[in-house]
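*Asks:* Need the 3D shape of this:
(one chain, ligands or ions: 1)
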Amino acid sequence: MSMDTTPSLETIDYAVADGVATIALNRPDKRNAINHQLHLDLAAALRLVQRDRSVRALVLTGRGKGFCAGQDLTEFAMAKADPEFRVDEHVRSTFNRTILALRALPMPVVAAVNGVAAGAGWSLALAADIRFASEDAAFTQAFSKIGLVPDTGSTWFLPELIGTSRTLELCYTGDLVDAQRALEWGLVNFVVPAGDLVEQATAYAARLAAMPTAALAMTRRAVYRATGTSLDDALEYEAQLQQRAAASEDHTEGVTAFLEKRAPVFTGR
Ligand code: T3D
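*Replies:* Numbering: from 1, shown residues only. I've put the predicted structure just below:
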């Protein structure tokens, strides 16, 4: 097993093992609220994932009691004291870029939600493909409590998962959703004991990392692109991607292994 750590990230633990990269937000005293440094480190970590050809799945988690408390409100209050500061530019250049970078990764993304996910911190978890939650995880659209509107994709992600009425319920009230309700509503895929969370999420990611990565990457692109597009467009886009998937080495290996009645060995190419 090869383990590679990157010590230059101040507020993130980053590691790669067996084809799975792990990004762990690491400001536990602040429930991993995202300050300027964490915005920078998160963007840098996602670039590492994007560029490392050995990485074939990503796990996103947090250190300590929280997954992520969204924007660091201490820094935000200080920034807003500057009359030149524009919230829209800040959102575009930080959170929005991060969400788009996550969604552009050519691999499955698994969130391991270890505690409270609030505001943009919940949006970050919603941007993952699959969500594991620990039994003591909780979720809040905290925005309304501070007079903001949901951002970082929450108004897009939530209706997709739970419909408009439940989305508005959560966004209006900011009420905490516990892990069990999140599971019942389809906001998370799995709820596991806190002590097993990262291990189970990583094992799941490793299973995905051993699959035909290019085909999985195109699958997620097609699924996300299909959202909000017509069936005609979705069918056509699937056909275009299938043309490319069928030209991959993993596809050849998969078919060959099937015909030879053996387990396939996928390389991600
Ligand atoms: O331009 C832009 O960036 C706008 C975009 C905004 C996007 C957003 O995300 S807006 C939403 C921002 N987030 C929130 O409003 C959540 C605020 N936090 C909370 O509601 C609670 O802290 C939690 C529900 C997340 C956790 O509660 P709990 O009881 O587990 O922990 P706590 O005791 O409240 O917090 C622990 C520490 O973390 C505490 O610091 P201290 O007093 O021990 O030094 C607390 O102040 C700090 N903390 C928690 N969240 C934030 C934070 N510090 C700065 N910013 C935070 N968001």
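*Asks:* quick one: is stretch 163-179 near the ligand?
*Replies:* No: using Cβ under 6 Å from any ligand atom, stretch 163-179 stays clear of the ligand, with a minimum separation of 7.3 Å. Using the backbone N, CA and C atoms, a C-beta is placed for each residue, glycine as well.
*Asks:* Tell me, how many residues neighbour the residue of the stretch 151-269 of the chain found nearest the ligand?
*Replies:* Residue nearest to the ligand within the stretch 151-269 of the chain (Cβ to the nearest ligand atom): residue 151, separated by 5.5 Å. Residue 151 has 20 neighbours, counted by other Cβ atoms under 10 Å.
*Asks:* nearest residue to it other than its sequence neighbours?
*Replies:* Once flanking residues are discounted, residue 151 sits nearest to residue 91: 5.5 Å by Cβ to Cβ, 6 or more residues apart in numbering.
*Asks:* So the one you found sits against residue 153, correct?
*Replies:* No: look at residue 91 against residue 153 with Cβ atoms under 8 Å: they stay out of range, at 10.6 Å.
*Asks:* show me where the chain has helices.
*Replies:* In the chain, the helices defined using DSSP state H lie at 36-51, 73-80, 87-91, 97-104, 120-126, 154-173, 179-185, 197-209, 213-226, 231-245, 249-259.
*Asks:* For residue 227, what are phi and psi?
*Replies:* Backbone torsions of residue 227, given as degrees, to the nearest 10, read phi -60, psi 120.
*Asks:* so what's it up against?
*Replies:* residue 160 (Cβ atoms under 8 Å, 6 or more residues apart in numbering).
*Asks:* distance of the residue nearest to residue 151 from residue 70?
*Replies:* 12 Å (Cβ to Cβ, to the nearest Å).
*Asks:* So for these two, which residue has more residues nearby?
*Replies:* For residue 91 versus residue 70, the count of surrounding residues by other Cβ under 10 Å is larger for residue 70: 28 against 16.
*Asks:* The residue lying closest to the more buried one once chain neighbours are set aside: neighbouring residues, count only.
*Replies:* In this structure, residue 70 finds its nearest non-sequential neighbour in residue 119, 2.8 Å apart by Cβ to Cβ, 6+ apart. Neighbourhood size, residue 119 [other Cβ under 10 Å]: 28.
*Asks:* Would you mind listing what in the stretch 51-200 of the chain touches the ligand?
*Replies:* Counting by Cβ under 6 Å from any ligand atom, the stretch 51-200 of the chain comes close to the ligand at 65-66, 69-74, 76, 87, 90-91, 116, 118-120, 140, 142-143, 146, 148, 151.
*Asks:* which residues touch the most centrally placed residue in the chain?
*Replies:* Closest residue to the average C-alpha location of the chain: residue 128 at 2.8 Å, with Cα atoms, centre = their mean. Residue 128 makes contact with 60, 102, 109, 110, 111, according to Cβ under 8 Å, 6+ apart.
*Asks:* hang on, the earlier thing: tell me the most buried of the helices of the chain?
*Replies:* Highest mean neighbour count of the helices of the chain: helix 120-126, a mean of 27 (counted as mean count of other Cβ atoms under 10 Å).
*Asks:* Can you show me the CA trace of stretch 166-173 as CSV?
*Replies:* Extracted C-alpha coordinates of stretch 166-173, given in CSV (Å, rounded to 0.1, in the frame of the first residue of the first chain):
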residue,chain,number,x,y,z
ARG,A,166,-39.1,19.8,1.7
THR,A,167,-36.2,21.9,0.3
LEU,A,168,-38.1,25.1,1.3
GLU,A,169,-39.0,23.7,4.7
LEU,A,170,-35.3,23.1,5.4
CYS,A,171,-34.1,26.4,3.9
TYR,A,172,-36.8,28.5,5.6
THR,A,173,-36.3,27.1,9.1
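*Asks:* Tell me how far that stretch lies from the chain's centre.
*Replies:* Relative to the centre of its chain, stretch 166-173 is centred 21 Å away, using Cα atoms, centre = their mean, to the nearest Å.
*Asks:* Now do that stretch, average pLDDT.
*Replies:* Taken as a whole, stretch 166-173 has a mean pLDDT of 96.
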